[in-house]
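1. output the structure for:
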Amino acid sequence: MVSMTEASRAEPEVTIRLLAAADWAALRAARLAALAEAPYAFASTLPREQAFTEETWRSRAGSGRTFGAWRGDDIVGLATALPPESQRPEWHLVGMWVAPDVRGQGVADGLVTAVCEAARESGGNTVTLWVTEVNGRARKFYRRLGFAPTGHRQQVRPEEPDHWEEELGRRLR
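-> The predicted structure follows:
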């Protein structure tokens, strides 16, 4: 668990931890907020995830893969660490989002650190992610943390042929 405080603010401390199934409602609220606030940044859509059942949200929250940045009872940031698969030999960071009112306060750094540490502790050598080409702030942020282009690009969603994303990767060892 990672804790962050901002001495000049009276706001509650932000704590980063893995979500559990019991956190499903907070995950749902944060994820829907993310999709509403930054629809260009995700491969999914708000209407698609609004239709998810409580069972789906409980499964996602209890997967042991999603980190939440908590301020009080609310999730103000999310990041998910996907372990390697046969088609993808490296760890993959997905679903990264930080609420606008806490951006620039180290929450995103803490979430990426948590994902990279989980990958490293599980023997991973590399973490990759996709970032949309229109999200300049995120691209700059990831590069500051040591992520670099892998040379791969893809469409975000087939129904939006002009919306592309680029894969970035970071070596852990």
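
2. what about this protein, any weak spots by pLDDT?
-> Across the chain, the ranges flagged by pLDDT under 70 are 1-11.

3. list the contacts of the residue nearest the centre of it.
-> Geometric centre of the chain, nearest residue: M96, 2.0 Å, by CA atoms, centre = their mean. By CB atoms under 8 Å, 6 or more residues apart in numbering, the contact list for M96 reads L78, A79, A108, L111, V112, L129, A138. For every residue, glycine as well, the C-beta is placed using N, CA and C.

4. swap in 6 Å and give it another go.
-> Contact analysis of M96 by CB atoms under 6 Å, 6 or more residues apart in numbering lists A79.

5. secondary structure element holding it?
-> Using DSSP states H and E, M96 falls within strand 91-98.

6. after that strand comes which helix or strand?
-> Following strand 91-98 in sequence order, the next helix or strand is helix 107-121 (DSSP H and E).

7. which helices and strands does that next one pack with?
-> Other helices and strands packing on helix 107-121, by 3 or more CB pairs under 6 Å, 6 or more residues apart in numbering; DSSP states H and E, are strand 14-18, strand 66-71, strand 74-82, strand 91-98.

8. pull out the buried residues from it.
-> For helix 107-121, a neighbour-count test (16 or more other CB atoms under 10 Å) marks V107, A108, D109, G110, L111, V112, T113, A114, V115, C116, A118, A119 as buried.

9. spatially nearest residue to the third one, not counting backbone neighbours?
-> This points to D109. Closest residue to D109 in three dimensions, ignoring its sequence neighbours and counting by CB to CB, 6 or more residues apart in numbering: L145, at 7.1 Å.

10. cool, and A81?
-> Among residues not flanking A81 along the chain, V115 sits closest, at 4.3 Å (CB to CB, 6+ apart).

11. and the one you found, what is it in contact with?
-> Residues in contact with V115 (CB under 6 Å, 6+ apart) are A79, A81, L93.

12. check E167 too.
-> For E167, the set of contacting residues under the criterion of CB under 6 Å, 6+ apart consists of T128, W130, T150, H152.

13. for those, which single residue is the most surrounded?
-> Counting by other CB atoms under 10 Å, W130 has the largest number of neighbours within the contacts of E167, with 21 neighbours.

14. how close does that residue sit to Q155?
-> Between W130 and Q155 the distance is 11 Å, computed by CB to CB, to the nearest Å.

15. having no further points to raise, I will conclude here.
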